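# Show me the folded form of this:
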Amino acid sequence: MKKMHVKRGDTVKVISGKDKGKEGKIITAIPEAGKVIVEGISVVKKHQKARRQGQESGIIHMEAAIDASNVLRVCPSCGKAARTGVKILDDGSKVRYCKKCQETFND
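Alright, predicted model coming up:
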């Protein structure tokens with residue numbers, strides 16, 4: 001499994017691609033592929049066929065996966081999109097921090 005700098009629930013900002021500059025929350029992280037699904041970002045149309053009685057068919061809108069390297073976590077304290085680092089505390093636990101303002105994230 002690959003390491004990723006973001007995880008599910010993080011608020012991120014898109015730094016490249018057609019949705020550059022938009023912010024959203026990560027719905028799903030796919031570490032095997034190095035991709036994330038962000039709500040409201042990279043929305044595509046999918047033609048769906050009804051599979052059961054009563055289910056509707058038609059065109060639905062859904063979020064597509066984008067590469068994790070195209071997003072940066074938004075720091076809750078400084079409000080800017082910044083790279084993240086990992087600090088090891090005295091008790092041996094790891095905590096992520098913002099590389100711009102050096103504040104730790106409360107995960």
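# so where's the chain shaky on pLDDT?
For the chain, the stretches with pLDDT under 70 are 1, 107.
# And the contacts of stretch 2-14?
The contact list for stretch 2-14, computed with C-beta atoms under 8 Å, 6 or more residues apart in numbering, reads 20-29, 31-32, 34, 36, 38, 41, 66, 68, 70-74, 76, 81, 83-84. The way it works is simple: take the backbone N, C-alpha and C, and place the C-beta from them, glycine included.
# how long is that stretch from one end to the other?
20 Å (C-alpha to C-alpha, to the nearest Å).
# which residue sits closest to residue 24, ignoring its sequence neighbours?
residue 38 (4.2 Å; C-beta to C-beta, 6 or more residues apart in numbering).
# That neighbour: neighbouring residues, count only.
When neighbours are defined as other C-beta atoms under 10 Å, residue 38 has 27 of them.
# residues touching it, list them.
For residue 38, counting by C-beta under 8 Å, 6+ apart, the contacting residues are 12, 14, 24, 25, 26, 27, 63, 66, 71.
# How much space separates it from residue 51?
When distance is defined by C-beta to C-beta, to the nearest Å, residue 38 is 27 Å away from residue 51.
# quick one on the thing from earlier: which entries within the contacts of stretch 2-14 meet the buried criterion?
24, 26, 29, 36, 38, 41, 66, 68, 70-74, 81, 84 (16 or more other C-beta atoms under 10 Å).
# beta partners of the spatially most central residue of the chain?
Averaging the C-alpha coordinates of the chain gives a centre point, and the residue nearest to it by C-alpha atoms, centre = their mean is residue 26 (3.5 Å). With DSSP bridges applied, the residues forming beta bridges to residue 26 are residue 38.
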